[in-house]
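Undergrad: Got a sequence here, can you model it:
(one chain, ligands or ions: 1)
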Amino acid sequence: MSMFNHIQAAPADPILGLGEAFKAESRAEKINLGIGVYKDANGQTPIVKAVKEAETRLLADEKTKNYLTIDGIADFNTQTQALLFGEGADVIKQGRAKTAQSLGGTGALRIAAEFIKRQTNAQKVWISTPTWPNHNAIFNAVGINIKEYRYYNKETKALDWDNLLADLNQAGKGDVVLFHGCCHNPTGIDPTPEQWKTLAKMSAEKGWLPLFDFAYQGFANGLEEDAYGLRTFVQNHAEVLVASSYSKNFGLYNERVGAFTLVAENAEVANNAFSQVKSIIRVLYSNPSSHGASAVATVLADPQLKASWIDELAEMRNRIKEMRAKFVQLLKEKGATQNFDFIIAQNGMFSFSGLTPEQVDRLKDEFAIYAVRSGRINVAGITNDNIDALCEAIVKVL
Ligand code: PMP
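TA: Residues are numbered from 1 along each chain as shown. Below is the predicted model:
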């Protein structure tokens, strides 16, 4: 008797599956606006210069391949906290924050989900709709009840603020509420500073446990600016969880570098809770790998390399902003009657373009242009070389 023969094929991941289909696409003029990977003006995803230099140094200086500790590289974790909360922030000085290196942002989210499930009394996690599909999958995997809060208004192509508040008003004491630190995926729409303040106040009054998914720090307006929401919450809360990713802002996609951070009321509570986080990691993958996080720690510890990284991050951010403006302008010039101005104000790599699933299908079938069926496009996939063809095709399917 086979134990396997009955198993049905799993559906392809909607986003990663798109990448595979794009690879197999034979039309030379193909354009990939699917997966959220940064591309430069030449359509390449280059290695960040400071990372390359750090790697050269690491290769020369490395003396052992001995295991890391369960929570990973201490300098990396310290640097992560400085990026999240600001250099010398009170929460750091007070020993209230504890960080474990993780396998990308996904790994950090999984640690968060396991920690919430095993160590807290939280019964529900509130997730924006729409969101990055893996959020639902991760919390389902650990068996936590998911509730949705509305986030996007299709008519105004903006934050659905009133309905967001109405839904989150239902979130009770001890519920986890998941926020995207910045560059909301898939909409590209973030709360304003005033709205962050309102949410932080509401969260403190209602007694939520906020969980920040921070996968794009530096891609909206800058490293410090993008942490505004998180830092506002930390000022108002004794307890916060954060999942960081270095995939995008350090371009370390395939090195799997991220971090899980917990903030507790005091150092003692933080240490106790963190000991449980380490138990969770021990069972999941024992301890993390060294290379990518060592590169991040090396860059952040060296003022010159850090400055070079910050410049390159600004370059990435500004290129995307430029492409947004040009895209909107060119759509107008090519005859789009619909107004696409909302795309300019969106943050990060993604734009919820307003294209329907049928229009996305036509873009693929007729023009070899690949996007997610929800209408999400990766603006970083647009270059000066493909923007004309792209806009002409979109105008044809509108
Ligand atoms: N959260 C969000 C919102 C993301 O978009 C992503 C990456 N697509 C992640 C987390 C996970 O990133 P990583 O590749 O570091 O696991």
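
Undergrad: what is the mean pLDDT for stretch 278-297?
TA: The average of the pLDDT scores along stretch 278-297 is 98.

Undergrad: Sorry, wrong one. I was asking about stretch 56-67.
TA: The average pLDDT within stretch 56-67 is 97.

Undergrad: Please apply the same query to stretch 72-82.
TA: 98.

Undergrad: And for stretch 348-362?
TA: The pLDDT scores in stretch 348-362 average 93.

Undergrad: what comes up buried for it?
TA: Residues of stretch 348-362 classed as buried by neighbour count (16 or more other Cβ atoms under 10 Å): 348-353, 355, 359-360, 362. C-beta: built from backbone N, CA, C; applies to glycine.

Undergrad: Ok, stretch 14-34 next?
TA: By 16+ other Cβ under 10 Å, the buried positions in stretch 14-34 come out as 15, 18-19, 22, 25, 31-34.

Undergrad: Over to stretch 122-137?
TA: Buried residues in stretch 122-137 (16+ other Cβ under 10 Å): 122, 124-132, 134-135.

Undergrad: hey, which helix or strand in the protein has the poorest pLDDT?
TA: Least confident helix or strand, the chain: helix 16-24 with a mean of 89, by mean pLDDT, DSSP states H and E.

Undergrad: Run the chain-centre distance for that one.
TA: Offset of helix 16-24 from its chain centre (Cα atoms, centre = their mean, to the nearest Å): 21 Å.

Undergrad: swap in stretch 335-351?
TA: For stretch 335-351, the distance to the chain centre is 20 Å (Cα atoms, centre = their mean).

Undergrad: Wasn't Glu29 part of a strand?
TA: No: if the criterion is DSSP: H, G, I helix; E, B strand; the rest coil, then Glu29 is coil and not within a strand.

Undergrad: Enumerate every residue touching it.
TA: Applying Cβ atoms under 8 Å, 6 or more residues apart in numbering, we find Glu29 in contact with 367-368, 386, 389.

Undergrad: Pro210 too?
TA: Neighbours of Pro210 in contact, by Cβ under 8 Å, 6+ apart: 176-177, 179, 203, 233, 237, 240-241.

Undergrad: and those residues, which of them are in helices?
TA: Those of the contacts of Pro210 mapping onto helices are 203, 233, per DSSP state H.

Undergrad: Around the ligand, pick out the residues from this protein.
TA: 36, 104-106, 132, 180, 185, 213, 215, 245, 247, 258 (Cβ under 6 Å from any ligand atom).

Undergrad: Leu83: neighbour count?
TA: 21 (other Cβ atoms under 10 Å).

Undergrad: Quick check: which element contains it?
TA: Here Leu83 is covered by helix 74-85, with elements defined by DSSP states H and E.

Undergrad: Count the neighbours of Gly258 for me.
TA: That count, for Gly258 with other Cβ under 10 Å as the rule, works out to 27.

Undergrad: Relative to Gly72, how far out is the closest residue to the ligand within the stretch 251-398 of the chain?
TA: Of all residues in the stretch 251-398 of the chain, Gly258 sits closest to the ligand, at 4.9 Å by Cβ to the nearest ligand atom. Using Cβ to Cβ, to the nearest Å, Gly258 is found at 10 Å from Gly72.

Undergrad: and stretch 330-344, which residues are buried?
TA: Of the residues in stretch 330-344, 330-332, 340, 342-343 count as buried by neighbour count, 16+ other Cβ under 10 Å.

Undergrad: Do me a favour and get the end-to-end distance for stretch 8-24?
TA: Taking Cα to Cα, to the nearest Å, stretch 8-24 runs 24 Å from one end to the other.

Undergrad: contacts for that stretch?
TA: With contacts defined as Cβ under 8 Å, 6+ apart, stretch 8-24 is touched by 30, 32, 34-36, 133, 370-373.

Undergrad: circling back: spit out the residues that contact Gly258 and Gly72 alike.
TA: 101-102.

Undergrad: Can you flag the buried ones in the contacts of Glu29?
TA: 367-368, 386.

Undergrad: For burial, what's the neighbour tally of Arg376?
TA: Counted with other Cβ under 10 Å, Arg376 comes out at 24.

Undergrad: Would you format the contacts of stretch 8-24 as JSON lines with distance to Val296, pLDDT and secondary structure included?
TA: What follows is those, written out as JSON lines (distance: Cβ to Cβ, whole Å; pLDDT from 0 to 100; DSSP: H, G, I helix; E, B strand; the rest coil):
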{"residue": "Lys30", "distance to Val296": "33", "pLDDT": "95", "secondary structure": "coil"}
{"residue": "Asn32", "distance to Val296": "27", "pLDDT": "95", "secondary structure": "strand"}
{"residue": "Gly34", "distance to Val296": "26", "pLDDT": "91", "secondary structure": "coil"}
{"residue": "Ile35", "distance to Val296": "22", "pLDDT": "86", "secondary structure": "coil"}
{"residue": "Gly36", "distance to Val296": "19", "pLDDT": "88", "secondary structure": "coil"}
{"residue": "Pro133", "distance to Val296": "27", "pLDDT": "92", "secondary structure": "helix"}
{"residue": "Tyr370", "distance to Val296": "31", "pLDDT": "96", "secondary structure": "strand"}
{"residue": "Ala371", "distance to Val296": "31", "pLDDT": "95", "secondary structure": "coil"}
{"residue": "Val372", "distance to Val296": "29", "pLDDT": "92", "secondary structure": "coil"}
{"residue": "Arg373", "distance to Val296": "34", "pLDDT": "91", "secondary structure": "coil"}
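
Undergrad: Give me the buried positions along stretch 245-259.
TA: Using 16+ other Cβ under 10 Å as the test for burial, stretch 245-259 gives 245-253, 255-259.

Undergrad: my bad, stretch 141-157
TA: Buried residues in stretch 141-157, counted by 16+ other Cβ under 10 Å: 144, 146-147, 149-153, 157.

Undergrad: Same question for stretch 192-200.
TA: Residues of stretch 192-200 classed as buried: 196-197, 199-200 (neighbour count, 16+ other Cβ under 10 Å).
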